[in-house]
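*Asks:* sequence and predicted structure are below.
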Amino acid sequence: MHSEHQPQDRPYPWFALKVRLRAEELAGTAIRNKGYDVFVPTYLDCRRYAGCVKKVQAALFPGYLFCRLDVGNRLPLLQTPGVHHIVSLGGIPCAVDESEIEAIRVVVDSKLPAIPWPYLTAGHRARIECGPFAGIEGVVITIKGRERLVLSVHLLQRSVAVEIDRSWVRPMGVSGPGSLGMAPG
């Protein structure tokens, strides 16, 4: 979407915004209505309410959303109800790596089950060679006999895990069978 906030030829970088918890979509809509490019990744969550289970859309990164913006002109954004601040390091707003946003977007668009996940720094990195996530790199883990690819937004120290087929994966920087540390499938 083109607006006075974003030049046509070169888009501004993505930034993470800390927003009111469980108001990610509401804040995202308000920001989008101001002409900004917004990304609020969500997943289908099962929640218990008064003895029944309901499926609701929930934020993959609770309390955060992503927005392309010119940090030199951030006041209109920061005046949006529900927006707390732009995620910064040492008081300086820090852009989120474009490849991290694109990887999360591919996972969300795939409609395959993805869930928030504890941030990981250690583990075996892998590249997905085929399937809906071809070209994406992340950390492969096994939970209850099923492989998942963990994608991280390092600035937020938050991660997302999505179920994958073992045949899609190629380990990075490691060779030989079993190099992902996964039990034979």
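*Replies:* On my side now, so go ahead.

*Asks:* for the most centrally placed residue in the chain, which non-adjacent residue is closest in space?
*Replies:* A centroid search over the chain (C-alpha atoms, centre = their mean) returns Ile104, at 4.3 Å, as the residue closest to the centre. Excluding its sequence neighbours, the residue lying closest to Ile104 (C-beta to C-beta, 6 or more residues apart in numbering) is Pro41, at 5.2 Å. C-beta: built from backbone N, CA, C; applies to glycine.

*Asks:* would you tell me what the next helix or strand after the longest helix along the chain is?
*Replies:* Longest helix of the chain, by residue count under DSSP state H: helix 98-110. With elements assigned by DSSP states H and E, the helix or strand that comes after helix 98-110 is strand 114-117.

*Asks:* list the buried residues for the helix or strand following that next one?
*Replies:* As assigned by DSSP H and E, the chain's next helix or strand after strand 114-117 is strand 125-128. By 16 or more other C-beta atoms under 10 Å, the buried positions in strand 125-128 come out as 126-128.

*Asks:* how far away from the center of its chain is the least confident helix or strand in the chain by mean pLDDT?
*Replies:* Least confident helix or strand, the chain: strand 169-171 with a mean of 81, by mean pLDDT, DSSP states H and E. Its chain's C-alpha centre and that of strand 169-171 lie 21 Å apart, by C-alpha atoms, centre = their mean, to the nearest Å.

*Asks:* and it, which strands flank it?
*Replies:* Partners of strand 169-171 in the sheet, by DSSP bridges, are strand 125-128 (antiparallel).

*Asks:* and the following helix or strand past the strand it pairs with, what does it pack onto?
*Replies:* Stepping forward along the backbone from strand 125-128, the first helix or strand reached (DSSP H and E) is strand 137-143. When contacts are defined as 3 or more C-beta pairs under 8 Å, 6 or more residues apart in numbering; DSSP states H and E, strand 137-143 packs onto strand 125-128, strand 146-153.

*Asks:* now strand 137-143, how far from the chain's geometric center?
*Replies:* Computed by C-alpha atoms, centre = their mean, the chain-centroid distance of strand 137-143 equals 15 Å.

*Asks:* mind listing what's buried in that strand?
*Replies:* 138-141.

*Asks:* stretch 143-156 now?
*Replies:* 147-153, 155-156.

*Asks:* run through who's touching it.
*Replies:* Contacts to stretch 143-156, defined as C-beta atoms under 8 Å, 6 or more residues apart in numbering, come from residues 16, 61, 64, 87, 89, 94, 96-97, 100-101, 103-104, 107, 117, 119-120, 123, 126, 128, 133, 136, 138-142, 158-166, 169, 182-183, 185.
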